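A.B. asks: Show me the folded form of this:
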Amino acid sequence: MNPGANPPGRCLEVKGLHVHYGSIHALHGADLHVDRGEIVCVVGANGAGKSTLMWAIAGVLPLTGGSIALNGAPLPARAHEIVTLGVCLVPERRRLFTALSVRENLIMGAVRRTDRDGIALDMEKCFELYPVLKERIDQRSGTLSGGEQQMLAVSRALMGRPSVLLLDEPSLGLAPLVTDALFDTILRIRDEGVTVLLVEQNALLALDIGDRGYVLQTGEIIKSAPCAELAEDPLIRRAYLGEE
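C.D. replies: The predicted structure follows:
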């Protein structure tokens, strides 16, 4: 690998990304990067292409143009290979294995691992992060509350020992108090060494915890800046924070 291809601190880099759904051009040459230890936010309206971006990075959707690199090296095309490299997605609406228990969902998150002791240790770390999951360990995940399901979805991804955690609309459908607690744990996860790319329709929440942000509109990145700067931008506040 060419050392010059990986700028200092650069972790994930997306260049000129294009994604199509048949004849629909969902992403139009999107460019963004995430440095190690950052929380980078992508905000935008419904239909802007935020989830498409995350599914493409995770290898679920094929690219029709552009490139994605992790630590300066191209990401493989297959989702299971991307997970093995440490890029793990928490998808929109959780997408748990609802017929399986909490324990079984966590084990599924570690399916690419063979270190039994490490898996057991990481499961306990998840229970420290979300104690209610330990109380529900044998309960079917489909019977959990929405907040508990989101906790489990995050924990399932953490069981893959990610270096980069992709969070797609984590606050969707959650009560405000549950959302606040979830965002507190995102900060804790970052502080423990996991880099975070956060897609979130609730721009106010995302920009409050993020380091840098991108605004995605109809498949194009139209603005990027530190989150504090974006949060004060009058155009952003009107369009995405609901202010007049």
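A.B. asks: So what's the residue count around I57?
C.D. replies: 24 (other CB atoms under 10 Å). (Each C-beta comes from the backbone N, C-alpha and C, glycine too.)
A.B. asks: Can you find the helix or strand of this protein with the lowest average pLDDT?
C.D. replies: helix 234-240 (a mean of 79; mean pLDDT, DSSP states H and E).
A.B. asks: tell me the SS of T114?
C.D. replies: With DSSP: H, G, I helix; E, B strand; the rest coil as the basis, T114 sits in coil.
A.B. asks: Measure how buried it is and give me the count.
C.D. replies: Other residues close to T114 by other CB under 10 Å number 7.
A.B. asks: Which other helices and strands does the helix ranked longest in the chain contact?
C.D. replies: When the chain is parsed with DSSP state H, its longest helix is helix 176-191. Using 3 or more CB pairs under 8 Å, 6 or more residues apart in numbering; DSSP states H and E, the elements in contact with helix 176-191 are strand 39-43, helix 116-129, helix 146-158, strand 195-199, helix 203-209.
A.B. asks: what is the rounded mean pLDDT of the helix or strand in which A69 is found?
C.D. replies: Assigned by DSSP states H and E, A69 falls within strand 65-70. The average pLDDT for strand 65-70 rounds to 96.
A.B. asks: go on, stretch 210-225?
C.D. replies: On average, the pLDDT along stretch 210-225 is 94.
A.B. asks: buried ones in that stretch?
C.D. replies: Within stretch 210-225, the residues that qualify as buried are G210, D211, R212, G213, Y214, V215, L216, Q217, G219, I221, S224, A225, counting by 16 or more other CB atoms under 10 Å.
A.B. asks: where are the low-confidence patches of the protein?
C.D. replies: Within the chain, the ranges that satisfy pLDDT under 70 run 1-8, 241-244.
A.B. asks: How about the contacts made by the nearest residue to M159 once chain neighbours are set aside?
C.D. replies: With sequence-adjacent residues excluded and distances taken as CB to CB, 6 or more residues apart in numbering, M159 is closest to G109, at 3.3 Å. Taking CB atoms under 8 Å, 6 or more residues apart in numbering as the criterion, G109 is in contact with C88, S155, R156, A157, L158, M159, G160.
A.B. asks: try 10 Å this time
C.D. replies: Residues in contact with G109 (CB atoms under 10 Å, 6 or more residues apart in numbering) are 83, 88, 119, 122-123, 126, 152-162.
A.B. asks: same deal with T195?
C.D. replies: T195 makes contact with 11-12, 34-40, 86-87, 162-166, 189, according to CB under 10 Å, 6+ apart.
A.B. asks: quick one: which of those residues sit in strands?
C.D. replies: C11, L12, V34, D35, I39, V40, V87, V164, L165, L166 (DSSP state E).
A.B. asks: Now tabulate these in TSV and tack on neighbour count.
C.D. replies: Formatted as TSV, these follow (neighbours: other CB atoms under 10 Å):
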residue	neighbour count
C11	23
L12	23
V34	24
D35	16
I39	24
V40	23
V87	26
V164	21
L165	23
L166	24
